[in-house]
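> Turn this into a model:
(4 chains)
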2 protein chains.
Amino acid sequence: MSLAQDHLISHHIKPSVQRLSIMNYLLQNRTHPTADMIFSDLYVSMPTLSRTTVYNTLKLLVEEKAIQMITIDEKNARYDADTSLHAHFRCKGCGEIFDISVLGMETVRVQADERFEIDDMQLYCRGYCKKCKENHL
Amino acid sequence: MSLAQDHLISHHIKPSVQRLSIMNYLLQNRTHPTADMIFSDLYVSMPTLSRTTVYNTLKLLVEEKAIQMITIDEKNARYDADTSLHAHFRCKGCGEIFDISVLGMETVRVQADERFEIDDMQLYCRGYCKKCKENHL
DNA sequence: CATTTAAGTTGTAATGATTACAATTTTAAA
DNA sequence: TTTAAAATTGTAATCATTACAACTTAAATG
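Here you go, the predicted model:
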C-alpha cells in the first residue's frame, strides 16, 4: 500500500494512475515544485501525461486539502505535500524555497476572531540564503 | 508638500507626475489594488498614462521599499502603501483583502538565523469574511 | 457480460497578467 | 542651447493557467 494511495483515499480523492503519480511525486520531492516541474519530471517516464491533468489534479488536491499551494513566488504557484504549520523562505538570488519551522506560530493570535473565519494561514519570508549572500547575489 | 512627494523622496525615487499620482493613489486607497485597478482609476483623469508606466513604477516602488507587493491572490499582484508589520486576510467568497493586526508577530522568531537573511515577512490568511459566511458563499 | 453513464484524461486553443522593446518625450547636465 | 540620460509610451511578445471538446477509462445497471 503506497503512501500516495493512502493520502489520496484519506482525502476522498479517487486514486487514478495520474493522481497517484503526482501525489507520489509531491511526497517524494519536498522542493516546492511548480506545476510545470512536476509535469516535466513525470513526463519522461509517462509520456501520455498531459499538462492539463497536472493542473486539474493539483487544483483538486488543494481543494481537498491533500496538499497546499504556496504563492511566495509571484511567477508560478508552488505546491507542497507538507500541510503542517510551517513557514517558507524564498531566496531572491537563486529562487529556491526553503521550509522554516516557526516557534510560536500557533500562538500568533490574529485579531480577527469575529470578523473572519480563517481556514488557512501562511507565513512567507524573503531575502537571501547563505550561499547567495556569500556569492554577492 | 504632498505626502506622496515626501514618501517618494525619502525612498530615493525621483518624483515624476506619473509616480506622484500612483504613489498618491496608493496612499489614498488602502484597498490593496492590482496594477490594473490603479491604471483604470487613474486613466480617467490622466488619459496619457500608460499601463506599462504603472507596472514600471510599482516595480520601482517595491524595490525601494516604498510600498509592498502582496501575493495572497494567485491571479494578480496586489500593492499596499502600508509597509508596517501586519497580516492580510483574503476572503475566498468576495475576493476582498483586509488588513489584520497581529499581536505577537514581532516575536515570531523564525528558526533561520544563520541560514537566511530575511528582508521581508508576510502573513497571509484565507477563509470567508462575515458577510460572505452569512450569505452562504 | 453487455451496455449505458459518469468520471477522468488529453491536446489544442484561448485568456489574461506581466514584460520586452523600440520610439518618443521629458528632464538634467554640460 | 546642445547633448546625454532618464522616464514614458504603445505595441508586441511571453508565459502560466484555464476553457473546452474529443476521447478514453472506470463504474453502474440490468
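> Which residue is it, in chain A, that comes closest to DNA strand D?
Sorted by distance to DNA strand D under CB to the nearest atom of the strand, the residues of chain A start with A:Ala77, at 3.5 Å. All C-beta atoms are positioned from the backbone trio N, CA, C, and that covers glycine.
> Give the pairing partners of the helix or strand bottoming out on mean pLDDT in chain A; include direction for each.
Evaluated with mean pLDDT, DSSP states H and E, the helix-and-strand set of chain A has its lowest mean pLDDT in strand A:109-110, which scores a mean of 72. Based on DSSP bridges, the strands next to strand A:109-110 in the sheet, each with its direction, are strand B:102-103 (antiparallel).
> separation between the residue nearest to A:Val54 when sequence neighbours are not counted and chain B?
The shortest distance from A:Val54 to any residue other than its chain neighbours is 4.6 Å, reached at A:Phe39 (CB to CB, 6 or more residues apart in numbering or on different chains). Distance check for A:Phe39 against chain B: by CB to the nearest CB, to the nearest Å, it reads 18 Å.
> what's the answer for A:Glu96, then?
Relative to chain B, A:Glu96 is positioned 11 Å away (criterion: CB to the nearest CB).
> In this structure A:Pro15 contacts A:Asp6, no?
No. Using CB atoms under 8 Å, A:Pro15 makes no contact with A:Asp6, being 9.3 Å away.
> Give me the more crowded residue out of these two.
Taking neighbours as other CB atoms under 10 Å in any protein chain shown, A:Pro15 and A:Asp6 compare with A:Pro15 leading, 16 against 12.
> Please give me every residue in contact with the closest residue to that one other than its chain neighbours.
Across the structure, with CB to CB, 6+ apart as the measure, the residue nearest A:Pro15 apart from its sequence neighbours is A:Leu8 (4.5 Å). Contact analysis of A:Leu8 by CB atoms under 8 Å, 6 or more residues apart in numbering or on different chains lists A:Lys14, A:Pro15, A:Arg19, A:Leu20, A:Met23, A:Ala66.
> How far does the helix or strand A:Leu8 falls within sit from its chain's centre?
Under the assignment given by DSSP states H and E, the secondary-structure element containing A:Leu8 is helix A:3-10. With CA atoms, centre = their mean, to the nearest Å as the basis, the distance from the averaged C-alpha position of helix A:3-10 to the chain average is 16 Å.
> rewinding a little: quick check: phi and psi at the residue of chain A closest to DNA strand D.
A:Ala77 has phi and psi values of phi -70, psi 150 when expressed as degrees, to the nearest 10.
> A:Thr83 now?
Note on A:Thr83: backbone dihedrals following degrees, to the nearest 10 are phi -100, psi 10.
> I figured it was touching A:Ile67, is that so?
Yes. The criterion here is CB under 8 Å, and A:Thr83 meets it with A:Ile67 at 6.7 Å.
> and these two? which has more neighbours close in?
Summary of the neighbour comparison: A:Thr83 and A:Ile67, criterion other CB under 10 Å, with A:Ile67 having more neighbours (22 against 13).
> Look at the closest residue to that one other than its chain neighbours and say how many residues are nearby.
Nearest residue to A:Ile67, sequence neighbours excluded (CB to CB, 6+ apart): A:Leu61, at 4.5 Å. The local packing count at A:Leu61 equals 23, with neighbours defined by other CB under 10 Å.
> Direction included, what does the longest strand along chain A pair up with?
When secondary structure is assigned using DSSP state E, the longest strand within chain A turns out to be strand A:116-129. Take DSSP bridges as the rule and strand A:116-129 pairs in its sheet with strand A:87-91 (parallel), strand B:116-129 (antiparallel).
> As CSV, those strands with mean neighbour count and distance to A:His32 would be great.
What follows is those, written out as CSV (neighbours: other CB atoms under 10 Å in any protein chain shown; distance: least, CB to CB, whole Å):
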stretch, mean neighbour count, distance to A:His32
strand A:87-91, 22, 7
strand B:116-129, 18, 15
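> Is it possible to get a markdown table of those strands that adds mean pLDDT?
Rendered in a markdown table, the data for the strands paired with strand A:116-129 read as follows (pLDDT from 0 to 100):
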| stretch | mean pLDDT |
| --- | --- |
| strand A:87-91 | 94 |
| strand B:116-129 | 92 |
